[in-house]
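**Student:** Show me how the following folds:
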Amino acid sequence: MNKSYRLKMEQLLNEHKLTRELLISCIAKSDKKVADLAYKEKQYRNVGYNNFKLELDNLIQYRQSFFDILKDGYHMTLAEIKSEIAVADVNKIPTKNVIDQIRGMIETWDYTLI
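**Tutor:** Next comes the predicted model:
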């Protein structure tokens with residue numbers, strides 16, 4: 001992530017403001033992992049011990065709040081969200097700590113959308 005973009009996003013987070021681009025980037029961070037876990041869960045579905053299903057469900061539940069904000073706050077459809085995730089800039093994806101901070105703001109309703 002380049003420095004000017006990072007500073008801009010830090011400023012917005014300090015003011016408790018969220019953008020559509022930032023929420024899309026949060027989802028894009030875990031998109032590949034969800035796809036990999038879904039593949040592994042399907043592959044090992046009939047094996048006695050399948051830990052992938054639990055991990056997949058937890059990750060999907062974790063990022064559901066981002067989807068909800070995009071659907072309700074920005075009136076985006078699931079197809080629009082998926083297309084935006086596919087073209088998300090890899091250099092603008094936030095760190096896990098920033099994603100946790102954003103999710104905390106969403107859970108406590110301590111944010112404004114811009």
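**Student:** how far away is the most centrally placed residue in the chain from Ser4?
**Tutor:** Residue closest to the average C-alpha location in the chain (CA atoms, centre = their mean): Ile27, at 2.2 Å. Going from Ile27 to Ser4 by CB to CB, to the nearest Å gives 23 Å. Backbone N, C-alpha and C define where each C-beta goes, glycine included.
**Student:** got it, and Arg63?
**Tutor:** Per CB to CB, Arg63 is found 27 Å from Ser4.
**Student:** So between the two, which is more surrounded?
**Tutor:** Arg63 (19 against 8; other CB atoms under 10 Å).
**Student:** Could you double-check that the more buried one lies in contact with Ile27?
**Tutor:** Yes. Using CB atoms under 8 Å, Arg63 is in contact with Ile27, at 5.6 Å.
**Student:** which ones are touching the residue nearest to the centre of the chain?
**Tutor:** Applying CB atoms under 8 Å, 6 or more residues apart in numbering to Ile27 gives the contacts 63, 66-67, 81, 85.
**Student:** between these, which has the most around it?
**Tutor:** That'd be Phe66 among those, by other CB under 10 Å, with 24 neighbours.
**Student:** my guess is that residue contacts Ile106, does it?
**Tutor:** Yes. If you go by CB under 8 Å, Phe66 and Ile106 touch, sitting 7.4 Å apart.
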